[in-house]
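Enquirer: Sharing a model prediction with you, sequence too.
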Amino acid sequence: MGTSKRLAAHYDMRSQHHAILAAARSGPLQSLTDRELALGEQPVTIYPQPYRAVRAWVRFGPEAIRVDAKLARSTLSAAGIEFRAGDTAFRCWVWGNAVDSSEGDRA
């Protein structure tokens, strides 16, 4: 018996949402600090709509998880991303090297 690619993508998304919500119980979503971002010293690009689908490593408390996200803003060294799990939207800043756009067509 074959499987539907459309259903496989749906189940992958549901699985990721469950993993994100489970990780969220480990602690708050971590984001780079103002000092790390140095926004007063670096230009920031803000995209009017989430610009590009990416995969990114984020951390909830001590637990790291890789998520499908949208790039919403960026500096030379950091990326502001947005991602969802169920009805919950998450936003944070991560280091640019924690983001991979080559697999972004999954988000």
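Expert: Now that the structure is in, tell me what you want to look at.
Enquirer: Leaving out chain neighbours, which residue sits closest to A19?
Expert: Closest residue in space to A19, ignoring its immediate chain neighbours: I65 at 6.0 Å, by CB to CB, 6 or more residues apart in numbering. All C-beta atoms are positioned from the backbone trio N, CA, C, and that covers glycine.
Enquirer: L21 belongs to a strand, doesn't it?
Expert: No: applying DSSP: H, G, I helix; E, B strand; the rest coil, one finds L21 to be helix, outside a strand.
Enquirer: you'd agree it is up against R84?
Expert: No: using CB atoms under 8 Å, L21 is not in contact with R84, being 10.6 Å away.
Enquirer: Which one of these two is surrounded by more residues?
Expert: Neighbours per residue, other CB atoms under 10 Å: of L21 and R84, the larger number sits with R84, 17 against 13.
Enquirer: what about the more buried one, which helix or strand?
Expert: Assigned by DSSP states H and E, R84 falls within strand 78-85.
Enquirer: from the middle of its chain, how far away would that strand be?
Expert: Strand 78-85 sits 4 Å away from the centroid of its parent chain (CA atoms, centre = their mean, to the nearest Å).
Enquirer: For it, list every residue counted as buried.
Expert: By neighbour count on 16 or more other CB atoms under 10 Å, the buried set for strand 78-85 is 78-81, 83-85.
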